[in-house]
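> Have a look at this prediction, sequence included:
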Amino acid sequence: MNETLSYPIGRFDRTAPFTSAMRAPAIEVFADLPFSLRRATSGLTDPQFDTPYRPGGWTVRQLVHHVADSHMNGYIRLKLALTEDAPTIKPYDQDQWATLADSALPPQVSLSLLESLHARWVAVWQALDPEQYARTFQHPELGPMTVDTHLHLYAWHCRHHLAHITGLRQRNGW
């Protein structure tokens, strides 16, 4: 596996210290993602959407749908963490999800979904009190996660997959 193609912005570090000063820029990444992703995919043809972003990786089409799938799950996980006492969340098999019929739909379907979803997600993030960032949920595979870590993980996820698409476009001269 080519580490640079797989992790163009590097791997996420769950152990990094996250400060209150880092929250607003992370939330801004959420606010901008639907528009950045739309710009990054603008003008792509169906064959380009069906091109893997790296050898053995998902196609751009699958990647766009994956971001929507992942972010819907992330939004629900946040709401569970804010309304329940350290809930255990349900993981999902993202590779299997990427093979389902909805991953063959036009990417515009998920781009539109992300605009609405991120508008709601940003509203929740911006309304949190500082102590709410310390709330947790239990991930069966990763262990306990704070809301603060969750924020930064998904901000990283936004930048990570955006870099997959922009990197592919740059490498292929699209």
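That came through fine. Numbering: from 1, shown residues only.
> Run through the residues that contact F137.
By CB atoms under 8 Å, 6 or more residues apart in numbering, the residues touching F137 are R77, L80, A81, A86, P87, T88, I89, P144, M145, V147, H150. C-betas here are computed from N, CA, C, even on glycine.
> what's the farthest-apart pair in these?
T88 and V147 (15.2 Å; CB to CB).
> Counting neighbours, go ahead and name the busier of those two.
A direct count of neighbours by other CB atoms under 10 Å for T88 and V147 places V147 higher, at 19 against 12.
> State the pLDDT value of that one.
At V147, the predicted lDDT confidence score is 98.
> And what about the residue nearest to P140 when sequence neighbours are not counted, helix, strand or coil?
Closest residue to P140 apart from its sequence neighbours, by CB to CB, 6 or more residues apart in numbering: P91 at 5.8 Å. At P91 the chain is in coil, as set by DSSP: H, G, I helix; E, B strand; the rest coil.
> isn't P91 right up against M145?
No: P91 is beyond contact range of M145, at 11.9 Å (criterion: CB atoms under 8 Å).
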